[in-house]
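1. sequence first, predicted model second:
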Amino acid sequence: LAASLCLGFSLTNKVTKIWTITLCLTCPFIIFSSAIIRMEALGVLLSSIAIYQITRYKKSNKQHIILGVIASLCLMTHPMLVACSTSLGIIMIMRGSKAFTIFLLSALIVLTPYVIYIMQDYQIFFLQIEPQLARKTARSILTLSFSYFMQIVPLTLLSFALLLKIKKNTELKWFLGISVLLTLFLILQSQEFNYHVYAMPYVLTILGLYFDVSS
């Protein structure tokens, strides 16, 4: 619910707000994943907050700090959210050295307690995470099944094509474009049945933004 509101209020047209919120709340990937898996639900929320922040607060130090916190929370939540953190970092680099420094410092401040906790017994941490990483990297995109391909690739490529037609909101376009492509790559690499949900905030926002600008 919170994620849907973030996506809706990232747009300007009232009608587009309503149907974007509705699509988010009725999206099968979001309903299924967020109902049974907490990490996926949190991932959708963090991505949606990042989108909302970029659209609402323009290039202020406060926003740089908030986005740094979001990026660090993404890194601590799930490997699929590396796409969101990376995209935020690129946006900060585009804003300049001051913005990126503030962003990086805020991210490091949040990450530091987590890193300290891991370093207390890093061998146990890597023993726990190694099977997950091995399972996710064992697959190859070349072994991708047709059904898995059809579940996410056409929709993602359609949203990216619509994004290219949008002439405004350059910074948001960069963030959405990088995020959706990186997320698509990670989805196809992992081939996990529930990972499609990570692309949904970007896809829904792109669709909404396209009709928002066109209206």
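-> Structure's in. What do you need? Residues are numbered from 1 along each chain as shown.
2. contacts for the helix or strand residue 33 falls within?
-> Taking DSSP states H and E as the criterion, residue 33 maps to helix 28-36. With contact meaning CB atoms under 8 Å, 6 or more residues apart in numbering, helix 28-36 is reached by 3, 24-25, 40-41, 44, 194, 196-197, 200. C-beta here means a position set from N, CA and C on the backbone, and glycine is covered the same way.
3. now which of these would you call buried?
-> 3, 24, 40-41, 44, 196-197, 200 (16 or more other CB atoms under 10 Å).
4. could you point out which element follows the lowest-mean-pLDDT helix or strand in the chain?
-> Taking mean pLDDT, DSSP states H and E as the measure, the chain has helix 122-137 as its least confident helix or strand, at a mean of 75. Note on helix 122-137: by DSSP H and E, the next helix or strand toward the C-terminus is helix 146-165.
5. against residue 6, how distant is residue 56?
-> For residue 56, the distance to residue 6 (CB to CB, to the nearest Å) stands at 9 Å.
6. higher neighbour count, these two?
-> Per other CB atoms under 10 Å, whichever of residue 56 and residue 6 has more neighbours is residue 6, with 25 against 11.
7. what's near enough to touch the more buried one?
-> Contacts of residue 6 by CB under 8 Å, 6+ apart are 45, 48-49, 51-52.
8. nearest spatial neighbour of residue 194, skipping sequence neighbours?
-> residue 33 (4.8 Å; CB to CB, 6 or more residues apart in numbering).
9. that should have said residue 2, apologies.
-> Nearest to residue 2 is residue 45, by CB to CB, 6+ apart, at 5.8 Å.
10. quick one: mean pLDDT for the host helix or strand of the one you found?
-> Taking DSSP H and E as the criterion, residue 45 maps to helix 38-56. Averaged over helix 38-56, pLDDT sits at 91.
11. and stretch 156-171, by the same measure?
-> For stretch 156-171, the mean confidence score works out to 89.
12. what of stretch 93-111?
-> pLDDT averaged over stretch 93-111 gives 95.
13. including distance to residue 72, could the contacts of helix 28-36 go into TSV?
-> Below are the contacts of helix 28-36 laid out as TSV (distance: CB to CB, whole Å):
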residue	distance to residue 72
3	19
24	24
25	28
40	19
41	19
44	18
194	24
196	25
197	21
200	22
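14. quick check: the farthest pair among the residues you listed?
-> 25 and 194 (17.8 Å; CB to CB).
15. ok so, going back, out of the contacts of helix 28-36, which comes closest to residue 180?
-> Nearest to residue 180 among the contacts of helix 28-36, with distances taken as CB to CB, is residue 200, at 10.0 Å.
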